[in-house]
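Colleague: build the 3D model from these lines:
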Amino acid sequence: MKQVFLMGPTASGKTKLAMQLCDEFPVSLISVDATQIYKDCNIGAAKLPQQELERYPHALVDIISPAESFSVDAFINQYQSNLNSIENQGTIPLLVGGSMMYFNAIFNPLDKIPKTTPEIREEVEALIRKNGLDWLYEQVKKNDPGIKFATSDKQRIQRAYEVFLISGKPLTSFYSGGEKYNENDLNFLKIALIPEDRKKLHQSIYQRTQDMLDQGLVDEVESLIKKYPNLSWESNSMRSIGYRQVGMYLRGEIRFDELFDKILFATRQLAKRQITWLRSMQNLLVLDPFEKDISDQLNQSLKNFLKS
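Modeller: Predicted structure coming up:
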């Protein structure tokens with residue numbers, strides 16, 4: 001089954017280009033975004049307006065409450081389920097987004113990772129409360145130098161340590177087995193949007209950050225906290241960029257005039273990590289999203305792929 005992957009850093013114009021491809025080709029969209037999965041997280045997740053979502057429906061958007069968690073395994077299950085539906089429709093899946101862990105799990109399927117237990121989870125939570133997240137991150141790095149988590153990514157750091165306690169193996173060792181997709185598989189068209197001029201990406205990130213605050217990101221977070229009683233600042237959704245910083249503001253940890261810069265800095269760091277992920281992948285078609293003829297380049301690439 002042919003599949004198209006449109007990957008890129010945040011604010012690189014992926015969604016707009018995907019919609020243009022929908023107008024030209026028989027494709028079905030699957031979102032690969034770790035924040036757009038959450039209901040009512042609209043502004044901070046940069047979701048399309050409802051009217052445009054109805055015209056360009058995306059699978060894996062608005063599928064769980066922001067108080068719930070969502071693992072890589074859960075993403076793969078949803079992805080595979082949608083592939084079956086799309087195949088029955090006779091269209092081509094177009095996966096678009098910037099959550100590189102999800103893309104990596106498709107290209108390099110994991111072995112079955114052992115499930116944690118409430119006892120193990122509480123043990124690790126107690127270690128975090130006693131020693132701090134930075135300490136736990138250092139323990140994970142000692143056992144698993146290959147991890148690429150941000151030092152603030154509590155969910156992944158905790159999960160990696162839980163896996164080590166249960167199995168005695170580092171998390172990255174589970175990437176080595178299983179029936180992997182062939183990196184040269186002709187059924188995959190992997191497009192990476194990597195700007196040659198980083199300044200243009202930074203300008204786009206700056207504008208997106210401003211738009212989010214102007215559109216009412218703070219009000220959105222306040223309404224989420226009221227609507228979902230089980231939602232906490234430690235929930236995965238509230239640890240996403242934008243939501244985390246607004247939480248800091250609402251708790252009085254930063255001033256409002258610091259909020260923009262905090263979100264801007266975190267988003268730039270995310271984009272840097274996303275580009276690093278992309279450059280580590282193989283068999284990519286690399287395009288500059290800020291080229292004037294990017295739409296024509298994409299259309300021609302997809303035409304050639306579908307003919308092959």
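Colleague: where does pLDDT dip in this protein?
Modeller: Flagging of the chain using pLDDT under 70 yields the residue ranges 110-112, 175-186.
Colleague: the helices in it, which residues?
Modeller: For the chain, helices defined by DSSP state H occupy the ranges 14-24, 50-55, 72-89, 100-107, 118-131, 133-143, 154-167, 198-215, 217-227, 243-250, 256-280, 294-307.
Colleague: export the second one as PDB, just CAs?
Modeller: As requested, the backbone C-alpha atoms of helix 50-55 are provided in PDB (Å, rounded to 0.1, in the frame of the first residue of the first chain):
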ATOM      1  CA  GLN A  50     -13.900  23.500  12.300                       C
ATOM      2  CA  GLN A  51     -15.200  24.500   8.900                       C
ATOM      3  CA  GLU A  52     -11.800  23.600   7.300                       C
ATOM      4  CA  LEU A  53     -11.600  20.400   9.300                       C
ATOM      5  CA  GLU A  54     -14.900  19.400   7.800                       C
ATOM      6  CA  ARG A  55     -13.700  20.100   4.300                       C
END
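Colleague: what helices and strands are in contact with that helix?
Modeller: Counting contacts by 3 or more C-beta pairs under 8 Å, 6 or more residues apart in numbering; DSSP states H and E, helix 50-55 packs against no other helix or strand. (Each C-beta comes from the backbone N, C-alpha and C, glycine too.)
Colleague: quick one: contacts of that helix?
Modeller: Residues from elsewhere that reach helix 50-55 (C-beta atoms under 8 Å, 6 or more residues apart in numbering): 19, 47, 61.
Colleague: mind doing that once more with 10 Å?
Modeller: 15, 19, 22, 23, 29, 42, 47, 48, 49, 58, 61, 62 (C-beta atoms under 10 Å, 6 or more residues apart in numbering).
Colleague: who wins for neighbours among those residues?
Modeller: Within these, most neighbours by other C-beta atoms under 10 Å means residue 29, with 26 neighbours.
Colleague: the closest residue to it other than its chain neighbours and residue 28, how far apart?
Modeller: Nearest residue to residue 29, sequence neighbours excluded (C-beta to C-beta, 6 or more residues apart in numbering): residue 58, at 4.6 Å. According to C-beta to C-beta, to the nearest Å, residue 58 stands 9 Å off from residue 28.
Colleague: my read: residue 102 touches residue 77, true?
Modeller: No. In this structure residue 102 lies outside contact range of residue 77 using C-beta atoms under 10 Å: 11.8 Å.
Colleague: more neighbours: which of the two?
Modeller: More crowded of residue 102 and residue 77, by other C-beta under 10 Å: residue 102, with 23 against 11.
Colleague: quick check, central residue of this structure?
Modeller: residue 99 (2.3 Å; C-alpha atoms, centre = their mean).
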